[in-house]
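Engineer: got a predicted structure plus its sequence, pasted below:
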Amino acid sequence: MKRLSPILAGALLFFLLASAARLVPLNQDEGWYLLAAQRIHQGLTPYTDFTFTQAPALPYVYQLFLPLARTHGLYGARLGQALLLTLTALILLRTLRPKTPAETLPVLALLLAPLYVQFGLTVKTYALTALLLLAAAACWLRGPRSNPLTAAALLLALATATRLSFGIAFVPLSLSLLARRKTLGDTAWITFTAAGAAGLLLFLGPFLLRDPSAFLYQTLSFHAARDHAFPSAVHLGFLLRPLHTLLPLLGVFLLLRPAFRTLPAEERTLWYILPAVAILHFIAPHPYDEYLTPLYPLAVLLIARAALRHPLPTAPLHGFTALILLFHLSSPHLHAWIPLKTDRIWVQADRATDLDTLEHAARILNKLLPEDAILYTPDTYLAIEARLDVPRGLEMGPFSFKLHAPHPAFLDWDGIEQALAQSDAAAFTAYHFIHSPEIRPFSPEEEARFRDLLARDFTHIQTIDRFGQNRLPLEIWLRKSPH
């Protein structure tokens, strides 16, 4: 049977992802990643000119997708994510080179896992990190030659500049080349190490050299200072919640255990990246299960390579594809895509998705405000959707406020007053009332003080129920007298 055309497979996958992009729940982080891209497009530098608590690569790359966001709002930005996921799938298929559609379809089915799709389509670092990590792995599998090793190291350095924790992947790869120096010589290890160091210096060095304290505080100390009430439960959830997504891969792994005893050296080394990244995230102060999302395509690649060395008849492969798709339907992540209304014991489907409600709120603001208006909002995806700017200091959305022990990376009371003074309107949910970096709620007195400041110059216009992440009420306030 002829191979399934990669172009056809990619087009099919992109169509499915573009459809899912309207369904996946909103995430507060999407707004501040896109605002960071806008600030960079305006000529500003992260960490020094505005606060940004992730590695720098994503907002620089996302300038390519800003025209989509300006034209189609947040959905346009998510189409950029869908493109990154599609490119990842094409690299995966090109590396595997399945011979028949029966071998291709299970791989595509695995890539439709709701956890991977949801957080891959959410405008965060995961899709780009997954693409770069898989591309680095594809180069690594071409063998210990200078050009593939250089490409793998540079791609891995760019993945690290997208999500710092993935820099740990250098460790098993470098140690593998070092351990094989007798057979490979010194050139392979030196080439990979030098290229990796050069890439890290190129992608991260300028920010570290420009303002080391700001860079290190925002990318490392901010996350270390986070706090939560039930640390054991958070870490246990990090281990258990992704298990549903990984069960098909674990099943294939158990069926093909003999195939993993004779792995080529390059392939065996890539396996060590999976536990290395997972353990690093597990020991983080506040690990989320989504942190493992960028590892998923690499895990699919490694499992599929082993499976293709032991080909099965066509009929079982088709059955396996159907089983995977049925398994995805039982995912709790997929169920979260369905907007529901609850009235006591009655649950009804809501016709409006999170994205629909966001677009509705943006239309209200666009009718009230001129195009050059400034919107005070920590729900920053609303500013993206309405094509409005926010006052300086609100780029981090709900992580913008620190009222005790002020820090220049966050807004204190003076900063909040200045931001309100610059604004033509205010729109916010309860996500406004969070202290950073500890992620603690405002006290009732602090919330009341903010509302007093707001009521001095603004009038409440409307409240939209069930808005944004976790579907909270959105309050819209308009300045009493125009600037």
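Structural biologist: Looks like it arrived, so ask away.
Engineer: going by C-alpha atoms from here, please, whenever you check contacts or count neighbours.
Structural biologist: Noted.
Engineer: which SS class is residue 478?
Structural biologist: strand (DSSP: H, G, I helix; E, B strand; the rest coil).
Engineer: tell me how far residue 276 lies from residue 122.
Structural biologist: When CA to CA, to the nearest Å is applied, the distance between residue 276 and residue 122 equals 24 Å.
Engineer: sorry, slip of the keys, the one I care about is residue 297.
Structural biologist: Residue 297 sits 16 Å away from residue 122, taking CA to CA as the criterion.
Engineer: same check, this time on residue 290
Structural biologist: Taken as CA to CA, the span from residue 290 to residue 122 is 11 Å.
Engineer: what about the two, which has more around it?
Structural biologist: Applying other CA atoms under 10 Å to residue 290 and residue 122 shows that residue 122 carries more neighbours, namely 26 against 16.
Engineer: residues contacting that one?
Structural biologist: Shown in contact with residue 122 (CA atoms under 8 Å, 6 or more residues apart in numbering): 24, 26, 27, 30, 78, 81.
Engineer: how about residue 184?
Structural biologist: Residue 184 sits in contact with 144, 177, where contact means CA under 8 Å, 6+ apart.
Engineer: now for the host helix or strand of residue 277, which elements pack on it?
Structural biologist: In this structure, residue 277 sits in helix 265-282 according to DSSP states H and E. Applying 3 or more CA pairs under 8 Å, 6 or more residues apart in numbering; DSSP states H and E, one finds that helix 265-282 makes contact with helix 170-179, helix 231-240, helix 296-308.
Engineer: can you say which of these is packed in most?
Structural biologist: Comparing those on average neighbours per residue, with mean count of other CA atoms under 10 Å, the densest one is helix 296-308 at a mean of 20.
Engineer: now for that helix, which elements pack on it?
Structural biologist: Other elements packing on helix 296-308 under the criterion 3+ CA pairs under 8 Å, 6+ apart are helix 66-96, helix 101-110, helix 126-140, helix 243-255, helix 265-282.
Engineer: and it with helix 126-140, angle?
Structural biologist: Relative orientation of helix 296-308 and helix 126-140, computed by axes from the mean of the first three to the mean of the last three CA atoms, to 10 degrees: 40 degrees.
Engineer: could you check the angle helix 296-308 makes with helix 265-282?
Structural biologist: When the same axes, to 10 degrees is applied, the directions of helix 296-308 and helix 265-282 differ by 140 degrees.
Engineer: okay, the next helix or strand after helix 296-308 in PDB with CA atoms only?
Structural biologist: Proceeding N to C from helix 296-308, the next assigned helix or strand is helix 314-329, under DSSP H and E. Once non-C-alpha atoms are left out, helix 314-329 reads as follows in PDB (Å, rounded to 0.1, in the frame of the first residue of the first chain):
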ATOM      1  CA  THR A 314      -2.600  -4.000   9.000                       C
ATOM      2  CA  ALA A 315      -5.800  -5.100  10.800                       C
ATOM      3  CA  PRO A 316      -4.400  -4.900  14.400                       C
ATOM      4  CA  LEU A 317      -2.900  -1.500  13.500                       C
ATOM      5  CA  HIS A 318      -6.200  -0.100  12.400                       C
ATOM      6  CA  GLY A 319      -7.800  -1.500  15.500                       C
ATOM      7  CA  PHE A 320      -5.100   0.100  17.600                       C
ATOM      8  CA  THR A 321      -5.800   3.500  15.900                       C
ATOM      9  CA  ALA A 322      -9.500   3.200  16.700                       C
ATOM     10  CA  LEU A 323      -8.700   2.200  20.300                       C
ATOM     11  CA  ILE A 324      -6.400   5.200  20.800                       C
ATOM     12  CA  LEU A 325      -9.100   7.600  19.500                       C
ATOM     13  CA  LEU A 326     -11.800   6.000  21.800                       C
ATOM     14  CA  PHE A 327      -9.300   6.300  24.700                       C
ATOM     15  CA  HIS A 328      -8.900  10.000  24.000                       C
ATOM     16  CA  LEU A 329     -12.700  10.500  24.300                       C
END
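Engineer: which residues does helix 314-329 contact?
Structural biologist: Contacts to helix 314-329, defined as CA under 8 Å, 6+ apart, come from residues 102, 103, 105, 106, 109, 110, 112, 113, 114, 245, 248, 334.
Engineer: what of stretch 199-219?
Structural biologist: In this structure, residues lying in contact with stretch 199-219 by CA under 8 Å, 6+ apart are 46-48, 51-57, 153-154, 157-158, 160-161, 409.
Engineer: avg pLDDT for the helix or strand that contains residue 198?
Structural biologist: Using DSSP H and E, the element containing residue 198 is helix 186-210. The predicted model gives helix 186-210 an average pLDDT of 96.
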